[in-house]
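A.B. asks: sequence first, then the predicted structure, then my questions.
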Amino acid sequence: MSAAVAAVDVRDLNKVFTRRKGLFGRRRRSALSGVGLRIERGECVAILGQNGSGKSTLVRLLSTLLLPDGGSAHVFGFDVFKEPRAVRRLVNRVSVEASFFKKMSAAENLSYAARFYGMGPAETRREIPVILERVGFPSARRNEAMENLSRGMQQKVALARALLTSPVLLLLDEPTTGLDPRSKQEVQAFIREIRTSNDATILLCTHDMKEAEELADRVGLLDRGELLFLEPVDDVLARYGASTLEEAFFAATGRTFEDEKSEEDEDREVYA
Amino acid sequence: MTVDVTQAYTRRRVVRDELVGLYGVVERNIYLTKRYFLWDFAFLLWTIANTLTIVFIARGVGISPGERNELETKLLVGGVIWAFLGIIFEIVTETVAWERWEGTIEYTFMAPVSRPVHLIGMGVYAVLYGLVRAGLVFLAVVAFIGIHVPHANYGAAVALLAIASISFIGVGMMTAVLPLISPEKGTQLGFIAQGLMLVVSGVYYPVSVLPTWMQWIAKISPATYALRGNRASVLSGAGVAWADAWPLLLIGALSIPLGLAVFKAGERYAKQRGKLKRSG
(Lines give C-alpha, C1' and ligand atoms only; values in the text may rest on other atoms or scores of the structure.)
Protein backbone atom coordinates (compact mmCIF):
# COMPACT_ATOMS: atom_id res chain seq x y z
CA MET A 1 0.00 0.00 0.00
CA SER A 2 1.53 3.30 -1.06
CA ALA A 3 2.00 6.22 1.26
CA ALA A 4 -0.48 8.19 -0.86
CA VAL A 5 -3.48 6.13 0.25
CA ALA A 6 -5.91 8.37 2.05
CA ALA A 7 -7.20 7.58 5.51
CA VAL A 8 -10.70 8.35 4.24
CA ASP A 9 -11.71 8.68 0.61
CA VAL A 10 -15.40 9.34 0.04
CA ARG A 11 -16.77 9.86 -3.45
CA ASP A 12 -20.24 10.95 -4.41
CA LEU A 13 -21.82 9.34 -1.39
CA ASN A 14 -25.59 9.29 -1.25
CA LYS A 15 -27.99 8.11 1.41
CA VAL A 16 -31.74 8.32 1.31
CA PHE A 17 -34.05 7.32 4.14
CA THR A 18 -37.64 6.31 3.62
CA ARG A 19 -40.13 6.77 6.39
CA ARG A 20 -43.78 5.94 6.65
CA LYS A 21 -46.18 8.85 6.29
CA GLY A 22 -49.71 8.01 7.33
CA LEU A 23 -51.03 4.52 6.67
CA PHE A 24 -49.86 4.05 3.09
CA GLY A 25 -47.66 7.01 2.32
CA ARG A 26 -43.88 7.09 2.17
CA ARG A 27 -41.56 10.00 2.62
CA ARG A 28 -38.06 10.02 1.19
CA ARG A 29 -35.43 12.17 2.74
CA SER A 30 -31.98 12.65 1.31
CA ALA A 31 -29.57 12.52 4.25
CA LEU A 32 -26.40 12.72 2.16
CA SER A 33 -26.25 13.97 -1.40
CA GLY A 34 -23.14 13.61 -3.52
CA VAL A 35 -20.74 13.96 -0.60
CA GLY A 36 -17.06 13.69 -1.47
CA LEU A 37 -14.10 14.22 0.80
CA ARG A 38 -10.58 13.03 1.37
CA ILE A 39 -8.82 12.89 4.71
CA GLU A 40 -5.10 12.24 4.77
CA ARG A 41 -3.47 10.09 7.38
CA GLY A 42 -2.81 11.96 10.62
CA GLU A 43 -5.25 14.77 9.86
CA CYS A 44 -7.99 15.98 12.13
CA VAL A 45 -11.01 17.08 10.13
CA ALA A 46 -14.07 18.63 11.70
CA ILE A 47 -17.48 18.53 10.07
CA LEU A 48 -19.96 21.11 11.24
CA GLY A 49 -23.67 21.07 10.67
CA GLN A 50 -27.04 21.46 12.24
CA ASN A 51 -29.09 18.59 13.58
CA GLY A 52 -30.26 16.59 10.61
CA SER A 53 -27.52 17.84 8.30
CA GLY A 54 -26.09 14.36 7.75
CA LYS A 55 -23.08 14.30 10.09
CA SER A 56 -24.13 11.20 11.99
CA THR A 57 -25.19 9.52 8.75
CA LEU A 58 -21.68 10.06 7.40
CA VAL A 59 -20.13 8.65 10.57
CA ARG A 60 -22.43 5.63 10.52
CA LEU A 61 -21.66 4.91 6.89
CA LEU A 62 -17.92 4.99 7.61
CA SER A 63 -18.51 2.77 10.67
CA THR A 64 -20.18 0.11 8.44
CA LEU A 65 -23.50 0.61 10.22
CA LEU A 66 -25.36 1.90 7.20
CA LEU A 67 -25.39 0.96 3.52
CA PRO A 68 -25.35 3.75 0.95
CA ASP A 69 -27.64 4.40 -1.95
CA GLY A 70 -24.80 5.46 -4.16
CA GLY A 71 -21.15 6.39 -4.19
CA SER A 72 -18.16 4.84 -2.49
CA ALA A 73 -16.04 5.14 0.60
CA HIS A 74 -12.61 3.76 1.36
CA VAL A 75 -10.71 3.68 4.63
CA PHE A 76 -6.98 3.20 4.11
CA GLY A 77 -7.73 1.67 0.76
CA PHE A 78 -10.34 -0.80 2.03
CA ASP A 79 -13.83 -0.51 0.58
CA VAL A 80 -16.13 0.28 3.49
CA PHE A 81 -19.12 -1.52 1.98
CA LYS A 82 -17.39 -4.52 0.38
CA GLU A 83 -14.63 -5.10 2.94
CA PRO A 84 -16.36 -4.14 6.20
CA ARG A 85 -14.35 -6.48 8.44
CA ALA A 86 -11.04 -5.02 7.31
CA VAL A 87 -12.41 -1.52 7.93
CA ARG A 88 -13.80 -2.43 11.34
CA ARG A 89 -10.35 -3.47 12.54
CA LEU A 90 -9.08 0.04 11.81
CA VAL A 91 -11.96 2.17 12.99
CA ASN A 92 -13.56 3.07 16.27
CA ARG A 93 -16.10 5.62 17.30
CA VAL A 94 -17.25 7.83 20.14
CA SER A 95 -20.77 9.15 19.89
CA VAL A 96 -22.77 11.73 21.80
CA GLU A 97 -24.57 8.96 23.71
CA ALA A 98 -22.38 7.12 26.15
CA SER A 99 -23.73 3.73 25.22
CA PHE A 100 -22.94 1.09 27.80
CA PHE A 101 -24.54 -1.74 29.68
CA LYS A 102 -25.68 0.40 32.59
CA LYS A 103 -25.54 -2.30 35.25
CA MET A 104 -22.04 -3.39 34.25
CA SER A 105 -18.94 -1.60 35.44
CA ALA A 106 -16.52 0.42 33.33
CA ALA A 107 -14.02 -2.45 33.46
CA GLU A 108 -16.63 -4.98 32.37
CA ASN A 109 -17.89 -2.81 29.53
CA LEU A 110 -14.36 -2.23 28.33
CA SER A 111 -13.58 -5.96 28.53
CA TYR A 112 -16.63 -6.77 26.43
CA ALA A 113 -15.68 -4.23 23.79
CA ALA A 114 -12.06 -5.36 23.76
CA ARG A 115 -12.94 -9.03 23.29
CA PHE A 116 -14.52 -8.22 19.92
CA TYR A 117 -11.16 -6.88 18.83
CA GLY A 118 -9.29 -9.99 19.94
CA MET A 119 -8.02 -8.78 23.30
CA GLY A 120 -7.88 -11.67 25.76
CA PRO A 121 -8.29 -11.56 29.56
CA ALA A 122 -4.59 -11.13 30.34
CA GLU A 123 -4.29 -8.25 27.91
CA THR A 124 -7.38 -6.40 29.18
CA ARG A 125 -6.36 -6.88 32.80
CA ARG A 126 -3.14 -5.13 31.93
CA GLU A 127 -4.41 -2.47 29.52
CA ILE A 128 -7.74 -1.34 31.02
CA PRO A 129 -6.26 0.35 34.13
CA VAL A 130 -3.67 2.05 31.90
CA ILE A 131 -6.18 3.42 29.42
CA LEU A 132 -8.57 4.58 32.14
CA GLU A 133 -5.77 6.46 33.84
CA ARG A 134 -4.82 8.01 30.54
CA VAL A 135 -8.30 9.45 29.97
CA GLY A 136 -8.39 10.77 33.54
CA PHE A 137 -10.85 8.22 34.91
CA PRO A 138 -10.13 7.25 38.53
CA SER A 139 -9.07 3.63 38.49
CA ALA A 140 -10.67 3.04 41.89
CA ARG A 141 -14.10 3.51 40.30
CA ARG A 142 -13.64 1.09 37.44
CA ASN A 143 -15.75 -1.60 39.13
CA GLU A 144 -18.72 0.68 39.77
CA ALA A 145 -21.84 0.31 37.67
CA MET A 146 -21.92 2.76 34.75
CA GLU A 147 -25.32 4.06 35.84
CA ASN A 148 -23.67 5.48 38.96
CA LEU A 149 -21.19 7.57 36.98
CA SER A 150 -21.68 11.13 35.80
CA ARG A 151 -22.08 11.94 32.10
CA GLY A 152 -18.54 13.28 31.99
CA MET A 153 -17.13 10.12 33.51
CA GLN A 154 -19.13 7.97 31.12
CA GLN A 155 -17.79 9.89 28.17
CA LYS A 156 -14.25 9.29 29.41
CA VAL A 157 -14.98 5.58 29.49
CA ALA A 158 -16.36 5.93 25.96
CA LEU A 159 -13.06 7.47 24.87
CA ALA A 160 -11.18 4.70 26.64
CA ARG A 161 -13.30 2.12 24.82
CA ALA A 162 -12.44 3.66 21.49
CA LEU A 163 -8.72 3.93 22.23
CA LEU A 164 -8.33 0.51 23.83
CA THR A 165 -8.39 -1.08 20.41
CA SER A 166 -5.78 1.33 18.97
CA PRO A 167 -7.90 2.56 16.08
CA VAL A 168 -6.13 4.26 13.22
CA LEU A 169 -9.29 6.14 12.29
CA LEU A 170 -11.27 7.65 15.12
CA LEU A 171 -14.79 8.87 14.41
CA LEU A 172 -15.96 11.35 17.02
CA ASP A 173 -19.64 12.20 16.72
CA GLU A 174 -20.30 15.18 19.02
CA PRO A 175 -18.15 13.76 21.81
CA THR A 176 -18.41 16.86 24.02
CA THR A 177 -22.09 17.66 23.59
CA GLY A 178 -23.82 17.80 26.94
CA LEU A 179 -20.62 17.85 28.98
CA ASP A 180 -19.88 20.44 31.64
CA PRO A 181 -17.16 22.96 30.68
CA ARG A 182 -14.39 21.22 32.61
CA SER A 183 -15.17 17.77 31.19
CA LYS A 184 -15.41 19.31 27.76
CA GLN A 185 -11.94 20.82 28.08
CA GLU A 186 -10.53 17.54 29.34
CA VAL A 187 -11.95 15.63 26.40
CA GLN A 188 -10.70 18.24 23.94
CA ALA A 189 -7.23 18.15 25.49
CA PHE A 190 -7.27 14.41 25.19
CA ILE A 191 -8.23 14.56 21.53
CA ARG A 192 -5.19 16.77 20.91
CA GLU A 193 -2.98 14.29 22.70
CA ILE A 194 -4.12 11.18 20.87
CA ARG A 195 -3.42 12.69 17.48
CA THR A 196 0.27 12.51 18.14
CA SER A 197 0.61 9.63 20.55
CA ASN A 198 -1.73 7.20 18.78
CA ASP A 199 -1.03 7.94 15.10
CA ALA A 200 -4.77 8.50 14.83
CA THR A 201 -6.61 10.19 12.02
CA ILE A 202 -9.68 11.93 13.40
CA LEU A 203 -13.04 12.83 11.91
CA LEU A 204 -14.82 15.07 14.37
CA CYS A 205 -18.49 15.92 13.92
CA THR A 206 -19.62 18.77 16.06
CA HIS A 207 -21.98 21.70 16.50
CA ASP A 208 -19.30 23.62 18.37
CA MET A 209 -17.53 25.92 15.94
CA LYS A 210 -14.95 26.98 18.50
CA GLU A 211 -14.11 23.34 19.13
CA ALA A 212 -13.79 22.70 15.42
CA GLU A 213 -11.56 25.71 14.97
CA GLU A 214 -9.25 24.70 17.83
CA LEU A 215 -8.91 21.01 17.12
CA ALA A 216 -9.12 20.58 13.37
CA ASP A 217 -6.70 21.05 10.51
CA ARG A 218 -9.63 21.55 8.16
CA VAL A 219 -13.28 22.35 8.75
CA GLY A 220 -16.19 21.24 6.63
CA LEU A 221 -19.84 22.19 6.60
CA LEU A 222 -22.62 19.71 5.92
CA ASP A 223 -25.90 21.41 5.13
CA ARG A 224 -28.98 19.35 4.29
CA GLY A 225 -26.83 16.46 3.19
CA GLU A 226 -24.45 18.47 1.03
CA LEU A 227 -20.83 19.20 1.86
CA LEU A 228 -20.49 22.90 1.14
CA PHE A 229 -16.76 23.15 1.84
CA LEU A 230 -13.85 21.40 3.52
CA GLU A 231 -10.91 23.74 4.02
CA PRO A 232 -8.58 25.20 6.63
CA VAL A 233 -10.40 27.73 8.80
CA ASP A 234 -8.47 30.71 7.42
CA ASP A 235 -9.41 29.75 3.87
CA VAL A 236 -13.08 29.45 4.87
CA LEU A 237 -13.11 32.87 6.46
CA ALA A 238 -11.33 34.41 3.49
CA ARG A 239 -13.68 32.78 0.99
CA TYR A 240 -16.80 34.16 2.65
CA GLY A 241 -15.28 37.40 3.88
CA ALA A 242 -16.21 36.41 7.39
CA SER A 243 -14.49 37.05 10.67
CA THR A 244 -16.02 34.07 12.46
CA LEU A 245 -17.11 30.62 11.47
CA GLU A 246 -20.67 31.51 12.41
CA GLU A 247 -20.70 34.26 9.83
CA ALA A 248 -19.16 31.91 7.29
CA PHE A 249 -21.86 29.31 8.07
CA PHE A 250 -24.69 31.69 7.32
CA ALA A 251 -22.91 33.02 4.23
CA ALA A 252 -22.34 29.50 2.94
CA THR A 253 -25.90 28.32 3.50
CA GLY A 254 -27.47 31.52 2.23
CA ARG A 255 -29.75 31.69 5.21
CA THR A 256 -29.99 34.16 8.07
CA PHE A 257 -30.27 33.42 11.75
CA GLU A 258 -33.97 34.31 11.60
CA ASP A 259 -34.41 31.86 8.73
CA GLU A 260 -32.86 29.15 10.88
CA LYS A 261 -35.17 29.91 13.79
CA SER A 262 -38.35 29.88 11.74
CA GLU A 263 -37.51 26.77 9.70
CA GLU A 264 -39.98 23.93 10.02
CA ASP A 265 -38.66 21.14 12.25
CA GLU A 266 -39.80 18.66 9.61
CA ASP A 267 -37.15 19.99 7.27
CA ARG A 268 -34.47 19.18 9.83
CA GLU A 269 -35.84 15.84 10.97
CA VAL A 270 -33.10 13.51 12.07
CA TYR A 271 -33.12 10.11 10.40
CA ALA A 272 -29.78 8.74 11.49
CA MET B 1 4.38 5.40 16.61
CA THR B 2 3.11 4.59 13.11
CA VAL B 3 0.61 1.77 12.90
CA ASP B 4 0.82 -0.55 9.92
CA VAL B 5 -2.70 -0.55 8.49
CA THR B 6 -1.81 -3.20 5.97
CA GLN B 7 -1.03 -5.77 8.64
CA ALA B 8 -2.11 -9.08 7.26
CA TYR B 9 -4.47 -11.08 9.40
CA THR B 10 -3.35 -14.68 9.21
CA ARG B 11 -5.95 -17.39 9.44
CA ARG B 12 -4.56 -18.35 12.81
CA ARG B 13 -4.95 -14.80 14.05
CA VAL B 14 -8.49 -14.59 12.70
CA VAL B 15 -9.50 -17.87 14.37
CA ARG B 16 -7.94 -16.75 17.62
CA ASP B 17 -9.71 -13.39 17.50
CA GLU B 18 -13.02 -15.07 16.76
CA LEU B 19 -12.64 -17.45 19.72
CA VAL B 20 -11.82 -14.51 21.98
CA GLY B 21 -14.90 -12.74 20.64
CA LEU B 22 -17.07 -15.79 21.37
CA TYR B 23 -15.64 -15.93 24.88
CA GLY B 24 -16.42 -12.23 25.25
CA VAL B 25 -20.10 -12.78 24.43
CA VAL B 26 -20.39 -15.55 27.04
CA GLU B 27 -18.43 -13.47 29.54
CA ARG B 28 -20.68 -10.45 29.07
CA ASN B 29 -23.78 -12.54 29.65
CA ILE B 30 -22.27 -13.87 32.86
CA TYR B 31 -21.67 -10.29 34.02
CA LEU B 32 -25.29 -9.39 33.25
CA THR B 33 -26.61 -12.51 34.98
CA LYS B 34 -24.65 -11.55 38.10
CA ARG B 35 -26.05 -8.02 37.98
CA TYR B 36 -29.65 -9.14 37.42
CA PHE B 37 -29.40 -12.20 39.65
CA LEU B 38 -32.41 -11.40 41.82
CA TRP B 39 -34.59 -10.84 38.76
CA ASP B 40 -33.42 -14.11 37.26
CA PHE B 41 -34.11 -15.87 40.54
CA ALA B 42 -37.63 -14.45 40.64
CA PHE B 43 -38.14 -15.59 37.05
CA LEU B 44 -36.91 -19.06 38.03
CA LEU B 45 -39.46 -19.20 40.84
CA TRP B 46 -42.18 -18.18 38.40
CA THR B 47 -41.10 -20.93 36.01
CA ILE B 48 -41.21 -23.50 38.79
CA ALA B 49 -44.68 -22.33 39.82
CA ASN B 50 -45.86 -22.37 36.22
CA THR B 51 -44.53 -25.89 35.71
CA LEU B 52 -46.24 -27.02 38.89
CA THR B 53 -49.60 -25.75 37.61
CA ILE B 54 -49.21 -28.07 34.63
CA VAL B 55 -47.87 -31.09 36.51
CA PHE B 56 -50.68 -30.84 39.08
CA ILE B 57 -53.15 -31.54 36.26
CA ALA B 58 -52.28 -35.23 36.74
CA ARG B 59 -53.54 -35.04 40.30
CA GLY B 60 -57.02 -34.19 39.09
CA VAL B 61 -57.30 -37.20 36.82
CA GLY B 62 -58.78 -40.40 38.17
CA ILE B 63 -55.94 -42.82 37.47
CA SER B 64 -53.85 -45.24 39.48
CA PRO B 65 -50.83 -43.95 41.41
CA GLY B 66 -48.42 -45.56 38.93
CA GLU B 67 -50.17 -44.01 35.95
CA ARG B 68 -50.33 -40.69 37.76
CA ASN B 69 -46.59 -40.75 38.38
CA GLU B 70 -45.99 -41.45 34.71
CA LEU B 71 -48.33 -38.66 33.63
CA GLU B 72 -46.73 -36.22 36.07
CA THR B 73 -43.32 -37.10 34.67
CA LYS B 74 -44.43 -36.59 31.08
CA LEU B 75 -45.99 -33.22 31.95
CA LEU B 76 -42.85 -32.25 33.84
CA VAL B 77 -40.61 -33.12 30.90
CA GLY B 78 -42.86 -31.02 28.67
CA GLY B 79 -42.77 -28.11 31.08
CA VAL B 80 -38.99 -28.25 31.48
CA ILE B 81 -38.40 -28.35 27.74
CA TRP B 82 -40.86 -25.49 27.23
CA ALA B 83 -38.89 -23.43 29.75
CA PHE B 84 -35.55 -24.49 28.21
CA LEU B 85 -36.63 -23.56 24.72
CA GLY B 86 -38.03 -20.29 25.98
CA ILE B 87 -34.70 -19.36 27.54
CA ILE B 88 -32.78 -20.15 24.36
CA PHE B 89 -35.11 -18.04 22.22
CA GLU B 90 -35.12 -15.23 24.75
CA ILE B 91 -31.35 -15.04 25.09
CA VAL B 92 -30.59 -15.39 21.38
CA THR B 93 -33.27 -12.77 20.57
CA GLU B 94 -31.57 -10.50 23.10
CA THR B 95 -28.62 -10.38 20.72
CA VAL B 96 -30.42 -7.42 19.19
CA ALA B 97 -33.14 -6.46 21.63
CA TRP B 98 -31.06 -5.93 24.75
CA GLU B 99 -28.23 -4.17 22.95
CA ARG B 100 -30.68 -1.87 21.24
CA TRP B 101 -32.29 -1.04 24.57
CA GLU B 102 -28.91 -0.29 26.16
CA GLY B 103 -27.81 1.66 23.10
CA THR B 104 -24.73 -0.53 22.57
CA ILE B 105 -25.95 -2.19 19.39
CA GLU B 106 -23.97 0.04 17.06
CA TYR B 107 -20.72 -0.53 18.91
CA THR B 108 -21.23 -4.27 18.81
CA PHE B 109 -22.23 -4.34 15.15
CA MET B 110 -19.27 -2.23 14.05
CA ALA B 111 -16.80 -4.50 15.83
CA PRO B 112 -14.73 -6.86 13.65
CA VAL B 113 -16.02 -10.09 15.23
CA SER B 114 -18.09 -12.04 12.70
CA ARG B 115 -21.84 -12.22 13.10
CA PRO B 116 -21.93 -16.04 13.18
CA VAL B 117 -19.51 -16.06 16.10
CA HIS B 118 -21.52 -13.35 17.83
CA LEU B 119 -24.74 -15.33 17.47
CA ILE B 120 -23.17 -18.67 18.32
CA GLY B 121 -21.69 -17.09 21.43
CA MET B 122 -25.17 -16.05 22.52
CA GLY B 123 -26.37 -19.57 21.73
CA VAL B 124 -23.60 -21.18 23.76
CA TYR B 125 -24.46 -19.07 26.78
CA ALA B 126 -28.18 -19.71 26.29
CA VAL B 127 -27.63 -23.48 26.29
CA LEU B 128 -25.39 -23.44 29.36
CA TYR B 129 -27.73 -21.18 31.29
CA GLY B 130 -30.78 -23.03 30.02
CA LEU B 131 -29.44 -26.43 31.08
CA VAL B 132 -28.67 -25.23 34.60
CA ARG B 133 -32.08 -23.65 34.85
CA ALA B 134 -33.87 -26.68 33.41
CA GLY B 135 -32.12 -28.87 35.95
CA LEU B 136 -33.18 -26.64 38.81
CA VAL B 137 -36.81 -26.56 37.63
CA PHE B 138 -36.83 -30.33 37.23
CA LEU B 139 -35.35 -31.00 40.66
CA ALA B 140 -37.62 -28.46 42.36
CA VAL B 141 -40.80 -29.94 40.90
CA VAL B 142 -39.72 -33.55 41.53
CA ALA B 143 -39.04 -32.69 45.16
CA PHE B 144 -42.26 -30.69 45.56
CA ILE B 145 -44.60 -33.19 43.97
CA GLY B 146 -42.78 -36.32 45.04
CA ILE B 147 -42.35 -37.77 41.56
CA HIS B 148 -40.49 -41.09 41.44
CA VAL B 149 -38.04 -41.53 38.60
CA PRO B 150 -35.76 -44.29 39.82
CA HIS B 151 -34.64 -45.33 36.33
CA ALA B 152 -33.98 -41.88 34.96
CA ASN B 153 -30.94 -41.58 32.68
CA TYR B 154 -30.10 -37.94 33.26
CA GLY B 155 -26.93 -38.12 31.21
CA ALA B 156 -28.87 -39.18 28.12
CA ALA B 157 -31.52 -36.53 28.77
CA VAL B 158 -28.93 -33.76 29.01
CA ALA B 159 -27.06 -35.08 25.97
CA LEU B 160 -30.22 -35.12 23.90
CA LEU B 161 -31.12 -31.60 24.98
CA ALA B 162 -27.63 -30.46 24.03
CA ILE B 163 -28.00 -32.00 20.55
CA ALA B 164 -31.45 -30.46 20.18
CA SER B 165 -30.00 -27.11 21.20
CA ILE B 166 -28.15 -26.86 17.88
CA SER B 167 -31.51 -26.68 16.11
CA PHE B 168 -33.02 -24.44 18.76
CA ILE B 169 -30.16 -21.99 18.31
CA GLY B 170 -30.64 -22.04 14.54
CA VAL B 171 -34.33 -21.22 14.91
CA GLY B 172 -33.45 -18.66 17.58
CA MET B 173 -31.15 -16.90 15.10
CA MET B 174 -34.11 -16.49 12.77
CA THR B 175 -36.21 -14.94 15.52
CA ALA B 176 -33.26 -12.79 16.67
CA VAL B 177 -33.61 -10.82 13.46
CA LEU B 178 -37.16 -9.74 14.29
CA PRO B 179 -36.19 -6.84 16.59
CA LEU B 180 -34.02 -5.54 13.73
CA ILE B 181 -37.04 -5.36 11.49
CA SER B 182 -39.43 -4.08 14.15
CA PRO B 183 -37.83 -2.59 17.28
CA GLU B 184 -41.27 -2.29 18.86
CA LYS B 185 -42.81 -5.69 18.21
CA GLY B 186 -40.00 -7.95 17.08
CA THR B 187 -39.10 -9.44 20.44
CA GLN B 188 -42.64 -10.61 21.14
CA LEU B 189 -42.76 -12.46 17.84
CA GLY B 190 -39.92 -14.64 19.08
CA PHE B 191 -42.22 -16.10 21.69
CA ILE B 192 -44.75 -16.92 19.00
CA ALA B 193 -42.13 -19.08 17.29
CA GLN B 194 -41.52 -20.90 20.56
CA GLY B 195 -45.21 -21.57 21.13
CA LEU B 196 -45.85 -22.74 17.58
CA MET B 197 -42.90 -25.11 17.67
CA LEU B 198 -44.00 -26.71 20.90
CA VAL B 199 -47.69 -27.06 20.08
CA VAL B 200 -46.92 -29.19 17.01
CA SER B 201 -44.26 -31.16 18.87
CA GLY B 202 -46.57 -32.69 21.48
CA VAL B 203 -45.23 -30.78 24.47
CA TYR B 204 -47.81 -32.22 26.89
CA TYR B 205 -49.42 -34.92 24.76
CA PRO B 206 -48.38 -37.52 22.20
CA VAL B 207 -48.04 -36.22 18.64
CA SER B 208 -50.48 -38.92 17.53
CA VAL B 209 -53.44 -37.01 19.00
CA LEU B 210 -52.80 -34.04 16.70
CA PRO B 211 -54.52 -33.58 13.33
CA THR B 212 -52.66 -35.30 10.50
CA TRP B 213 -51.35 -32.07 8.97
CA MET B 214 -49.84 -31.05 12.31
CA GLN B 215 -48.24 -34.49 12.67
CA TRP B 216 -46.45 -33.86 9.38
CA ILE B 217 -45.13 -30.56 10.66
CA ALA B 218 -44.03 -32.30 13.87
CA LYS B 219 -41.62 -34.40 11.82
CA ILE B 220 -39.48 -31.32 11.08
CA SER B 221 -39.68 -29.81 14.55
CA PRO B 222 -36.59 -30.52 16.68
CA ALA B 223 -38.71 -30.26 19.83
CA THR B 224 -40.58 -33.43 18.78
CA TYR B 225 -37.46 -35.57 19.09
CA ALA B 226 -36.18 -33.75 22.17
CA LEU B 227 -39.50 -34.38 23.96
CA ARG B 228 -39.77 -37.98 22.86
CA GLY B 229 -36.20 -38.82 23.77
CA ASN B 230 -36.28 -37.04 27.10
CA ARG B 231 -39.49 -38.75 28.15
CA ALA B 232 -37.92 -42.12 27.36
CA SER B 233 -34.69 -41.24 29.20
CA VAL B 234 -36.44 -39.98 32.32
CA LEU B 235 -39.22 -42.58 32.50
CA SER B 236 -37.42 -45.70 31.32
CA GLY B 237 -33.73 -44.84 31.58
CA ALA B 238 -33.27 -45.06 27.80
CA GLY B 239 -30.02 -43.87 26.26
CA VAL B 240 -29.82 -41.44 23.37
CA ALA B 241 -31.71 -43.18 20.59
CA TRP B 242 -30.34 -42.84 17.06
CA ALA B 243 -33.95 -42.42 15.92
CA ASP B 244 -34.05 -39.18 17.91
CA ALA B 245 -30.44 -38.08 17.38
CA TRP B 246 -30.17 -38.20 13.57
CA PRO B 247 -33.21 -35.97 12.87
CA LEU B 248 -31.88 -33.49 15.43
CA LEU B 249 -28.45 -33.47 13.85
CA LEU B 250 -29.92 -33.05 10.38
CA ILE B 251 -32.28 -30.26 11.42
CA GLY B 252 -29.43 -28.59 13.28
CA ALA B 253 -27.15 -28.83 10.23
CA LEU B 254 -29.83 -27.09 8.19
CA SER B 255 -31.17 -24.59 10.72
CA ILE B 256 -27.85 -23.02 11.68
CA PRO B 257 -26.89 -21.93 8.14
CA LEU B 258 -30.49 -20.95 7.48
CA GLY B 259 -30.64 -18.96 10.70
CA LEU B 260 -27.40 -17.17 9.85
CA ALA B 261 -28.64 -16.39 6.35
CA VAL B 262 -31.91 -15.01 7.68
CA PHE B 263 -30.08 -12.88 10.24
CA LYS B 264 -27.65 -11.61 7.61
CA ALA B 265 -30.55 -10.59 5.38
CA GLY B 266 -32.23 -8.86 8.32
CA GLU B 267 -29.04 -7.05 9.24
CA ARG B 268 -28.60 -5.86 5.67
CA TYR B 269 -32.21 -4.63 5.65
CA ALA B 270 -31.66 -2.79 8.92
CA LYS B 271 -28.48 -1.15 7.61
CA GLN B 272 -30.20 -0.09 4.41
CA ARG B 273 -33.14 1.42 6.32
CA GLY B 274 -31.15 2.89 9.20
CA LYS B 275 -32.87 0.69 11.79
CA LEU B 276 -29.71 -0.42 13.52
CA LYS B 277 -29.45 2.46 15.89
CA ARG B 278 -31.03 2.57 19.29
CA SER B 279 -34.80 2.60 19.29
CA GLY B 280 -36.59 5.91 19.07
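C.D. replies: In hand now; what should we look at? The shown structure was predicted, so the numbers you read here are calculated from the model rather than taken from an experiment.
A.B. asks: residues from chain B in reach of chain A?
C.D. replies: Residues of chain B that fall close to chain A, judged by Cβ under 8 Å from any Cβ of the partner chain: B:1-3, B:5-6, B:9, B:13, B:16-17, B:20-21, B:23-25, B:27-28, B:31-32, B:35-36, B:102-104, B:106-114, B:268, B:271-274, B:276-278. Any C-beta I mention is one placed from the backbone N, CA and C, and that applies to glycine too.
A.B. asks: filter those residues down to just the ones in helices.
C.D. replies: Applying DSSP state H to these, the entries found in helices are B:13, B:16-17, B:20-21, B:23-25, B:27-28, B:31-32, B:35, B:102, B:106-109, B:268, B:271-273.
A.B. asks: per-residue pLDDT, the closest residue to A:Ile128 other than its chain neighbours?
C.D. replies: Excluding its sequence neighbours, the residue lying closest to A:Ile128 (Cβ to Cβ, 6 or more residues apart in numbering or on different chains) is A:Leu110, at 5.1 Å. pLDDT for A:Leu110: 97.
A.B. asks: report the contact partners of A:Leu110.
C.D. replies: A:124, A:128, A:131-132, A:157, A:160-161, A:164 (Cβ atoms under 8 Å, 6 or more residues apart in numbering or on different chains).
A.B. asks: and the strands in the chain, which stretches?
C.D. replies: Picking chain A for this. A:8-21, A:25-39, A:44-48, A:70-75, A:78-79, A:91-94, A:169-173, A:201-206, A:218-223, A:226-231 (DSSP state E).
A.B. asks: hmm, no, I was thinking of chain B.
C.D. replies: Using DSSP E, strands in chain B do not occur.
A.B. asks: point out where the stretch 101-250 of chain A drops to low pLDDT.
C.D. replies: Along the stretch 101-250 of chain A, no part satisfies pLDDT under 70.
A.B. asks: enumerate the residues of the stretch 1-150 of chain A near chain B.
C.D. replies: Of all the residues in the stretch 1-150 of chain A, those lying near chain B are A:1, A:17-18, A:57, A:60, A:63-67, A:76-77, A:85, A:88-91, A:93, A:95, A:97, A:99-104, A:108, A:111-120, A:145, going by Cβ under 8 Å from any Cβ.
A.B. asks: let's see which of those end up in helices.
C.D. replies: Per DSSP H, the residues of the stretch 1-150 of chain A next to chain B map to helices at A:57, A:60, A:85, A:88, A:108, A:111-115.
A.B. asks: in chain B, what residue lies closest to chain A?
C.D. replies: Chain B approaches chain A most closely through B:Gly24 (2.4 Å), counting by Cβ to the nearest Cβ.
A.B. asks: can you pull the contacts of A:His74?
C.D. replies: A:His74 touches A:6, A:8-10, A:80, counting by Cβ under 8 Å, 6+ apart.
A.B. asks: so which of these is surrounded by the most neighbours?
C.D. replies: Counting neighbours by other Cβ atoms under 10 Å in any protein chain shown, A:Val80 comes out on top of the contacts of A:His74 with 25 neighbours.
A.B. asks: contact partners for it?
C.D. replies: A:61-62, A:64, A:72-74, A:87 are the contacts of A:Val80 under Cβ under 8 Å, 6+ apart.
A.B. asks: rerun that using 10 Å as the cut-off
C.D. replies: Applying Cβ atoms under 10 Å, 6 or more residues apart in numbering or on different chains, we find A:Val80 in contact with A:8-10, A:13, A:61-64, A:66-68, A:72-74, A:86-88, A:91.
A.B. asks: since that was my last question, I'll sign off now.
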